[in-house]
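In: sequence below, structure please.
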Amino acid sequence: MDTIISIECSTSRASIALTSGSECLFQQEFLNDRYHHAEIFDALKKALECLPVGHGLDCVLIGLGPGSYSSIRIGIATGQSLAIVHRCPAIGMSSLLASETALESANTLAVGDARRGSYFISQINQRTMPEPELVDTDTFLQTLQAAKESNQPIFSCDEKWPMPLESELAESITHEHPQALGLIKQWQLLDEEQRSQLQAMPTSPIYLRPPFTSEAKKGHPLLRKK
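Out: Numbering: from 1, shown residues only. All right, here's what the predicted structure looks like:
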């Protein structure tokens with residue numbers, strides 16, 4: 001029986017879960033905003049105290065987003081450090097797969113606000129790792145309407161929707177938070193080939209856009225000639 005710990009930090013409600021085989025040994029949800037980032041370490045300490053005596057971890061699963069860049073990076077750094085200590089693989093998975101809707105249906109549509117007047121859509125088919133696609137407002141609304149008409153489950157991990165929608169469209173979207181235990185459940189549903197593919201991928205955040213890098217202002221010490 002594999003002992004697996006998972007870390008999911010892509011939204012304001014993060015979580016950690018620990019399982020041994022099909023048994024859940026620990027699960028905790030905690031606040032995850034700029035004022036509560038340290039709570040991950042308290043939850044992690046409690047999870048590790050639940051490890052069976054003489055047992056280490058066989059695998060660390062980490063939610064890669066999309067979501068809060070800083071929180072996802074904290075989750076990745078924590079998971080990678082844990083994997084080094086326990087000499088086991090750290091494997092990243094899309095946080096979208098850890099939602100309740102994605103667990104209940106193998107064919108779902110994930111949607112979200114990508115800021116700057118754009119949105120993302122991600123078709124999850126047969127539990128494959130979804131690649132978010134940036135779209136404009138018109139394409140977004142057309143995709144929503146098509147999914148609704150075909151009775152395809154739609155969910156979003158956004159807590160607040162950035163624009164008004166017709167009531168029928170709005171009601172078709174389920175708002176959820178990914179769960180660490182959901183990552184483990186999805187992992188257990190994958191075959192060996194799918195697991196190997198995920199393990200070979202870099203454990204880096206799923207960015208909707210390239211990370212923004214601020215340029216140093218003129219006169220900054222780093223720009224001065226030696």
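
In: C-alpha from now on. contacts and neighbour counts both.
Out: Fine.

In: low-confidence ranges, this protein, go.
Out: Low-confidence segments of the chain (pLDDT under 70): 35, 127, 129-130, 162, 209-226.

In: tell me the domain ranges of it?
Out: What automatic domain parsing lists as the domains of the chain is 3-95+179-200, 100-175.

In: highest average neighbour count across those?
Out: Stretch with highest mean neighbour count among the domains of the chain: domain 3-95+179-200 (a mean of 19; mean count of other Cα atoms under 10 Å).

In: show the end-to-end separation of that domain, please.
Out: 20 Å (Cα to Cα, to the nearest Å).

In: with stretch 85-100 instead?
Out: 31 Å.

In: roughly how far out does that stretch sit from the chain middle?
Out: Distance of stretch 85-100 from its chain centroid, counting by Cα atoms, centre = their mean, to the nearest Å, is 9 Å.

In: check contacts around the residue most central in space within the chain.
Out: For the chain, residue 95 is the residue whose C-alpha lies nearest the centre (Cα atoms, centre = their mean; 2.2 Å). Contacts for residue 95 (Cα atoms under 8 Å, 6 or more residues apart in numbering) come out as 8, 10, 63, 64, 65, 66, 178, 183.

In: so the first one makes contact with residue 182?
Out: Right, the one you point to is residue 8. No - Residue 8 is not in contact with residue 182 according to Cα atoms under 8 Å; the separation is 9.3 Å.

In: and the top helix by length along the chain, what does it pack onto?
Out: Counting by DSSP state H, the longest helix found in the chain is helix 69-86. Here helix 69-86 touches strand 3-8, strand 59-63, strand 90-93, going by 3 or more Cα pairs under 8 Å, 6 or more residues apart in numbering; DSSP states H and E.

In: make a markdown table out of the ones you listed and add distance to residue 147.
Out: A markdown table is the format used below for these (distance: least, Cα to Cα, whole Å):
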| stretch | distance to residue 147 |
| --- | --- |
| strand 3-8 | 27 |
| strand 59-63 | 25 |
| strand 90-93 | 24 |
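
In: now the helices for the chain?
Out: Under DSSP H, the chain gives helices at 39-48, 69-86, 100-104, 137-149, 167-171, 180-189, 192-200.

In: reformat those as TSV; add distance to residue 24.
Out: Below are the helices of the chain laid out as TSV (distance: least, Cα to Cα, whole Å):
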stretch	distance to residue 24
helix 39-48	11
helix 69-86	18
helix 100-104	17
helix 137-149	34
helix 167-171	33
helix 180-189	8
helix 192-200	20
